[in-house]
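Novice: Make a model of this:
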Amino acid sequence: MNIVIVGDGKVGDTLIQYISGEGHSVTVIDKNPALINRVVNQYDVLGVAGNGASHAIQVEAGVQNADLFIAVANTDELNMVCCMMAKSLGAAHTIARVRDPEYSRENDFLRNHLGIDVVVNPEYDTAREIARLIRFPAALKLDAFAKGQVDMAEIYISEGHPLAGRQLYTLSSLFGVRVLVCAIRRGEQVYIPSGDFTIMVGDSVSITASHTDLSSFFGKLGLMGKPIKNVMLLGGGRIAFYLAQRLTKLGIRTRIVEIDESRAQELAEQLPEANIICADCTNSEILEEEGLAEMDACIALTGNDEENVIVSMFARTCGVDRVITKVDRLSFIKMLPQLGVDCTVSPRQISSATVLRYLRGMENGKKMVQKLSGATAGGAPSVGIKSLYKLCDNRAEALEFDVDEHFGLLGVPFASDKFKLKPNTLIASIVRHGKVIYPHGGSTLEVGDSVIVVTTNPQLSELNDILD
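Specialist: Below you'll find the predicted structure:
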């Protein structure tokens, strides 16, 4: 597919890496010629230096022939204008990054009247993920599927962990709770495991279960921790604003430490139920005075990765049970567990997953048109991706599909010789009529089911792609 991306910043660079890696034709627009030279040399993409809202620049970049136009420049207004220009030139689909809380209340207008098909808000989505993570203190990562009916949690197996040395098929009988281990990262290797796989110290384990079963499982393991009642947010940017809104509505006492006086005053006016402190969150004495040691959770959200890592390490030394760290530089993430900073969130990765999900859905739509027009042989493709999350340091994916009448093996038991999945692919959960089903040999897929698939195979765009 032909894709044009405006803005080679943090989110733009991650998108370029992911999308070009999936074999699409990508053209990048940015005002900075040095950034364009770098990205052209680093990835298999074309580059145009100039203003992404310029008609001439967009024509030079081939926007008129673009299947997808993505605007992730520095300002919301520029991104919206870029998308309007792209649609007028003939771009089939447009995505704009829009972060201002004022605009977040106008998403329907942006889509219906400005021709923006998808609005991406990295800060809002990151706040939502952090709010989920707070529920499970032992989880390094937590994703939700099937409208919250199924959770997928990633946990780290440390020395003495109750899962260390356990074979997977024994977990349900040992702990009396139904869960499914769907992926394990061991060093640089990722496994889609079978039942006789043994969990070892140092593994990162991805587990899927209903919300109730996962809570019960963590409780049986002694990993739930005490309820979160007091939270300190270090840094008062947009993520802190969105997160504080959520936490205060849940009755969680929220304290925000923000160094900029005008921003602190703005937050105090916008968040009357939160406690706003105007101070330097990297000053250990101030954090101690503000009661860091008494907090149930500390979330590091400044605009500087190094500061976030340092204050997270300090929060650990103060005995805070739940520490979550925002990290933008993906190269940092691999090193942080060795420093005790094991639970991280990355706005650029979260937004990139949203865009990839939409892109895969577009690919499936193209397949549908080709099939219906007789351009290719076989039946019509099944429904595209509903949710997409990266797992195991981006080496695996968890995808959610709805099952429709076009799936090729409806009603066929998984144990049948006909039902063959691609290698390193696992059906992790099925949701049928609101009930979570843990797959077994007699399970089938039926019309109306939601199914969660975990795979190390890239570029799955529809459910039939899981079949070998």
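
Novice: Look up the closest residue to the residue nearest the centre of the chain, ignoring the ones flanking it.
Specialist: For the chain, the residue sitting closest to the mean C-alpha position, by C-alpha atoms, centre = their mean, is I350 at 3.6 Å. Spatial nearest neighbour of I350, chain neighbours left out: D125 (4.8 Å); criterion: C-beta to C-beta, 6 or more residues apart in numbering. C-beta: built from backbone N, CA, C; applies to glycine.

Novice: what's the next secondary structure element after the helix or strand harbouring the residue nearest to the centre of the chain?
Specialist: Element membership for I350, per DSSP states H and E: helix 347-372. The helix or strand immediately downstream of helix 347-372 is strand 385-391, counting by DSSP H and E.

Novice: just the CA coordinates of that following strand, formatted as PDB?
Specialist: Extracted in PDB, the C-alpha atoms of strand 385-391 (Å, rounded to 0.1, in the frame of the first residue of the first chain):
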ATOM      1  CA  ILE A 385      -8.500  -6.800  13.300                       C
ATOM      2  CA  LYS A 386     -10.400  -5.200  16.200                       C
ATOM      3  CA  SER A 387      -7.500  -4.900  18.600                       C
ATOM      4  CA  LEU A 388      -3.700  -5.200  18.100                       C
ATOM      5  CA  TYR A 389      -1.100  -5.200  20.800                       C
ATOM      6  CA  LYS A 390       2.700  -5.800  20.600                       C
ATOM      7  CA  LEU A 391       4.100  -8.300  23.100                       C
END
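
Novice: so what strands line up beside it?
Specialist: Strands that pair with strand 385-391, judged by DSSP bridges, come out as strand 396-402 (antiparallel).

Novice: Show me the contact partners of the partner strand.
Specialist: By C-beta atoms under 8 Å, 6 or more residues apart in numbering, the residues outside strand 396-402 that reach it are 143, 145-146, 152, 182-183, 185, 190, 192, 206, 208, 382-391, 428, 448-456, 458, 460, 462-463.

Novice: In strands, which of those residues appear?
Specialist: Within the contacts of strand 396-402, residues falling in strands by DSSP state E are 143, 145, 152, 182-183, 185, 190, 206, 208, 385-391, 428, 450-455.

Novice: Buried subset of those, written for ChimeraX?
Specialist: Selection of buried members from the ones in strands among the contacts of strand 396-402 for ChimeraX, criterion 16 or more other C-beta atoms under 10 Å:
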select :143,145,152,182,183,185,190,206,208,385,386,387,388,389,390,391,428,450,451,452,453,454,455
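
Novice: hang on, the earlier thing: residues touching the residue nearest to I350, list them.
Specialist: Under the criterion of C-beta under 8 Å, 6+ apart, the neighbours of D125 are P347, I350, S351, T354.

Novice: what's the spacing between it and S461?
Specialist: Distance check for D125 against S461: by C-beta to C-beta, to the nearest Å, it reads 22 Å.

Novice: ok, G291 - contacts?
Specialist: For G291, the contact set (C-beta under 8 Å, 6+ apart) comprises N230, M232, R255.

Novice: picking up where we left off before, right, and the residue nearest to the centre of the chain touches P122 too?
Specialist: Yes: using C-beta atoms under 8 Å as the test, I350 is close enough to P122 to be in contact (6.1 Å).

Novice: what distance separates the start and the end of stretch 196-206?
Specialist: From its first residue to its last, stretch 196-206 covers 16 Å (C-alpha to C-alpha, to the nearest Å).

Novice: List the buried residues in that stretch.
Specialist: F197, I199, D203, S204, V205, S206.

Novice: what do you get for stretch 406-419?
Specialist: Neighbour-count burial for stretch 406-419, counted by 16+ other C-beta under 10 Å, picks out H406, F407, G408, L409, F414, F419.

Novice: okay but the third one is in contact with N464, surely?
Specialist: Yes: under the criterion of C-beta under 8 Å, G408 makes contact with N464 at 5.4 Å.

Novice: and after the helix or strand harbouring D13, which helix or strand comes next?
Specialist: Element membership for D13, per DSSP H and E: helix 10-21. Later in the chain than helix 10-21, the nearest helix or strand by DSSP H and E is strand 25-30.
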